[in-house]
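**Q** model this:
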Amino acid sequence: MKNSKAASGSDTSGKNKSTYRPEIDGLRALALIAVIINHFEKSVLPSGFLGVDIFFAISGFAISSSLIHRPRQSFRHGVLDFYARRIKRLVPALVFCIVVTSALACLFDPSPGISLQTGLAALLGASNLYLFSQSTDYFAPSTELNIFTQTWSLGVEEQFYFLFPLLLWAAAFWSSRSSVAQRPGRRLYLIIFALSLLSLTAFLSLYANQKAAVYFLMPFRFWELGFGCMLALIVNRYRVQHPNHSDHGRPRLDLLIFAALIASFFAPEQWARQATVAAVVLTCLLILLITKGGFVYQLLTHPLSLWIGLISYSLYLWHWSILSLSNWTIGVHAWSVPFQIVAMIGMASISYYFIEKPLRFADWHSSRLITILFGVLISITGALIVALLGRPLEGKLFLGDGGKDTDKARLASSLIPDKSIRLDDVETKLKQCNVTPFLLGNKSYKLRAPVDSAFIKDCLKGVARNIKQDKDLPNKIVLVGDSFAEKLAPHVALTARKLGYQFRMIYGYGCPYLLRSDLIKGASFPECRYLDEQMLEQALLQSLQPGDHVLLRLHLVSKSYVHYPTGSSQPDIDAYDAALKNIAEKVSQRGARLAVIGPNPVLSKQEMMALKPEWFNSLNRANAIPANNAQETIYFHKLDDHLQAESKQWSGGVYLSLKPYICKQDLHCLLEKEARFLYSDDHHLSPYGHDLIFPALQNLSKPSR
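**A** Coordinates of the predicted model:
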């Protein structure tokens with residue numbers, strides 16, 4: 001997101017006074033304020049992030065309005081002029097923010113690699129692609145520690161700008177024989193309408209199952225900018241004028257639209273799909289129908305609104321930088337908010353008045369091509385500085401006492417040192433028996449074969465390539481699950497060795513593998529499409545023999561697995577009952593035994609900082625996980641108690657609660673013990689954390705109740 005340009009589509013020479021619409025700068029201010037409030041505290045304005053979508057619609061309107069009112073020119077000159085103005089508008093402030101913020105981040109983050117790589121991608125207009133490739137969850141606490149997460153929307157717009165001139169060419173918009181009044185707007189409108197319809201259809205149909213792609217990728221966001229473009233063409237074609245405040249009945253309409261737009265910011269996160277469409281449509285209607293002289297117009301054209309709108313691009317960049325750096329240091333508290341707002345406005349003002357505005361209106365060169373090359377050179381220079389911070393200088397600027405080695409030591413297992421990671425060929429099993437390795441984009445985790453029944457049977461029988469044979473042992477422990485099973489694998493392998501079992505596993509990402517999705521209440525599993533559930537269940541059951549154990553480890557409190565209602569409500573406490581009872585009975589019928597390992601709490605930002613204790617974040621660290629720190633943790637306690645009772649109904653199954661090992665009697669759960677950390681990220685236990693729950697695994701040898 002950015003405030004792309006003035007409402008007139010301001011060019012390098014200044015604003016066109018005849019087409020400038022000040023209320024759109026005010027609308028930018030509204031959108032940005034909503035985003036900032038949401039980033040400070042999501043509960044205050046749950047859908048404040050819709051400000052980004054408002055910016056997309058404004059950008060589409062502004063860029064089209066600008067082009068419509070520019071003098072006629074050839075396609076070549078039009079393209080060069082278009083890109084020169086975009087570069088002068090966007091690049092200087094972006095490079096300034098990324099270089100300065102990168103240097104500051106290196107002072108407080110011992111491992112800033114992901115942030116710096118995001119910044120490098122942003123300088124190439126591709127940070128949205130990078131974040132998507134990392135399977136980033138925009139709403140996760142860990143995302144708030146990436147200092148350049150906000151640049152994803154810049155990537156969306158810049159990719160749109162790359163495509164837009166091609167659409168103008170296809171519509172013959174830059175024909176040298178066309179005057180401004182005779183531009184072929186209808187053809188351009190039809191092209192944008194068709195592409196926007198496809199984009200909107202994809203957005204609506206794939207939102208539930210491909211949320212990361214829909215959120216980050218330009219094709220799914222094209223319709224938002226497209227709506228703004230079409231609005232500009234309509235306004236120009238029909239010479240739409242502002243209704244006057246004196247026109248009876250008119251003022252109420254724009255006031256209702258404005259009120260509905262404000263209301264959309266309060267929509268719960270679960271309604272994001274519908275709220276996004278509403279925000280874009282309402283923004284376009286407000287631009288079209290706003291009443292000159294009316295209350296909404298006066299509010300949006302107030303001097304303060306206009307000033308925030310003018311600096312909104314720089315303020316958008318810097319608000320996240322300040323918040324993210326705060327998350328690495330003092331945190332965000334009621335007492336700190338005024339100081340952080342002052343810092344945001346201060347840095348945004350420096351950026352706007354000394355970088356953005358002067359370079360935007362300066363004449364870089366008489367040749368547009370040379371201007372573009374200057375912009376590319378500025379971006380390359382910024383990228384080299386960031387790369388220098390990320391490689392040769394990595395860790396050298398860090399002001400803390402710890403670092404990578406210290407963090408690693410605090411997470412390490414005492415039971416399974418790194419040198420013995422190949423215990424029972426765990427590493428080979430992890431590579432060979434992962435059904436969804438492509439979700440991490442890790443080349444070393446390629447599928448060895450199609451995921452069919454033969455693939456499953458090979459993993460379960462232990463005949464996959466390079467897996468050590470241990471058929472001399474009569475029975476086996478089969479570990480099944482998601483990424484939580486992956487993290488637990490070395491400890492299960494050690495358990496199998498100590499108890500005299502073979503070790504087998506099958507796992508994947510983003511799906512509660514082995515549980516029938518149709519038996520789990522109110523959930524959709526976007527990643528489950530990669531594997532036939534019935535095939536997995538059948539192949540597993542066929543591999544079992546009397547005396548075997550099936551160990552299930554899943555992120556049971558995941559918002560991707562169970563439906564979290566709006567507000568403070570929790571998912572159905574019995575959401576998993578039917579699915580767990582089903583698999584327990586089927587495993588028991590084979591003479592084997594199902595053991596379900598319970599979930600663990602998830603961490604907030606403050607609790608994640610406890611994993612990186614330094615002098616500069618002492619005000620931003622929790623010392624335990626309170627029972628009410630997050631929806632998932634509240635659900636964890638309720639679900640754990642429920643499953644302990646429900647497991648008595650499972651035929652031959654057992655539930656292994658983690659509470660006795662990682663939580664206190666007052667329901668506060670441990671973050672660290674003996675200066676060692678239980679978590680490696682905001683939801684996975686660390687190797688040391690798995691050491692603490694290792695005794696629970698020993699219960700596999702006990703007979704079922």
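
**Q** could you give me the buried positions within stretch 92-108?
**A** Across stretch 92-108, burial judged by 16 or more other Cβ atoms under 10 Å covers 92-102, 104-106, 108. Where you see a C-beta, it was placed from the backbone N, CA and C, and this is true even at glycine.

**Q** quick check: the gap between the closest residue to Ala232 other than its chain neighbours and Ala84.
**A** Distances taken as Cβ to Cβ, 6 or more residues apart in numbering place Ser64 nearest to Ala232, at 3.6 Å, with adjacent residues excluded. Applying Cβ to Cβ, to the nearest Å, the value for Ser64 to Ala84 is 18 Å.

**Q** go ahead and name everything in contact with the one helix or strand Ile370 maps to.
**A** For Ile370, the host element (DSSP states H and E) is helix 368-390. If you take Cβ atoms under 8 Å, 6 or more residues apart in numbering as the criterion, helix 368-390 is touched by 77, 80-81, 83-84, 87-88, 91-92, 95, 98-99, 102-103, 106, 112-113, 116-117, 119-120, 123-124, 364-365, 397.

**Q** I'd like to know how many residues surround Leu499.
**A** 15 (other Cβ atoms under 10 Å).

**Q** would you confirm that it contacts Leu700?
**A** Yes: with contact defined as Cβ atoms under 8 Å, Leu499 counts as touching Leu700 (6.5 Å).

**Q** list residues touching both of these two?
**A** Joint contacts of Leu499 and Leu700 (Cβ under 8 Å, 6+ apart) are Ile477.

**Q** what strand or helix carries the residue nearest to Ala232?
**A** Secondary-structure assignment from DSSP H and E places Ser64 in helix 51-68.

**Q** for Ala578, same thing?
**A** helix 577-589.

**Q** I'd like the next helix or strand past that helix.
**A** Next along from helix 577-589, by DSSP H and E: strand 593-597.

**Q** the stretch 1-150 of the chain: helices as residue ranges?
**A** Assigned by DSSP state H, counting those that start in this stretch, the helices in the stretch 1-150 of the chain fall at 22-40, 51-68, 75-108, 113-123, 127-133.

**Q** rebuild the ones you listed as TSV, extending it with mean pLDDT and distance to Ser305.
**A** As requested, the helices of the stretch 1-150 of the chain are arranged in TSV below (pLDDT from 0 to 100; distance: least, Cβ to Cβ, whole Å):
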stretch	mean pLDDT	distance to Ser305
helix 22-40	96	4
helix 51-68	93	14
helix 75-108	93	21
helix 113-123	94	28
helix 127-133	91	29
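
**Q** ok, which of those helices comes nearest Glu158?
**A** helix 75-108 (7.4 Å; Cβ to Cβ).

**Q** mind checking which helix or strand Cys284 is in?
**A** Counting by DSSP H and E, Cys284 is part of helix 272-289.

**Q** following the chain past that helix, name the next helix or strand.
**A** Later in the chain than helix 272-289, the nearest helix or strand by DSSP H and E is helix 295-300.

**Q** residues making contact with that following helix?
**A** So helix 295-300 is in contact with 22-27, 29-30, 245, 251, 254-255, 258, 286, 290-291, 305, going by Cβ under 8 Å, 6+ apart.

**Q** quick revisit: name the residues of the helix holding Ala578 that are buried.
**A** By 16+ other Cβ under 10 Å, the buried positions in helix 577-589 come out as Asp577, Ala579, Leu580, Lys581, Ile583, Ala584, Lys586, Val587, Ser588.

**Q** swap in stretch 504-521?
**A** Residues of stretch 504-521 classed as buried by neighbour count (16+ other Cβ under 10 Å): 504-515, 519-520.

**Q** so which of the residues you listed belong to strands?
**A** If you go by DSSP state E, the buried residues of stretch 504-521 have Arg504, Met505, Ile506, Tyr507 in strands.

**Q** bridge partners for the last one, pull those for me.
**A** The partner list for Tyr507 in beta bridges (DSSP bridges) reads Asn434, Gly481.

**Q** for it, list the residues it contacts.
**A** Counting by Cβ under 8 Å, 6+ apart, Tyr507 makes contact with Cys433, Asn434, Val435, Leu479, Val480, Gly481, Asp482, Ser483, Ala485, Glu486, Ala489, Tyr513.

**Q** how much space between Ala62 and Gly228?
**A** According to Cβ to Cβ, Ala62 and Gly228 sit 7 Å apart.

**Q** how about Ser336?
**A** Applying Cβ to Cβ, the value for Ser336 to Gly228 is 36 Å.
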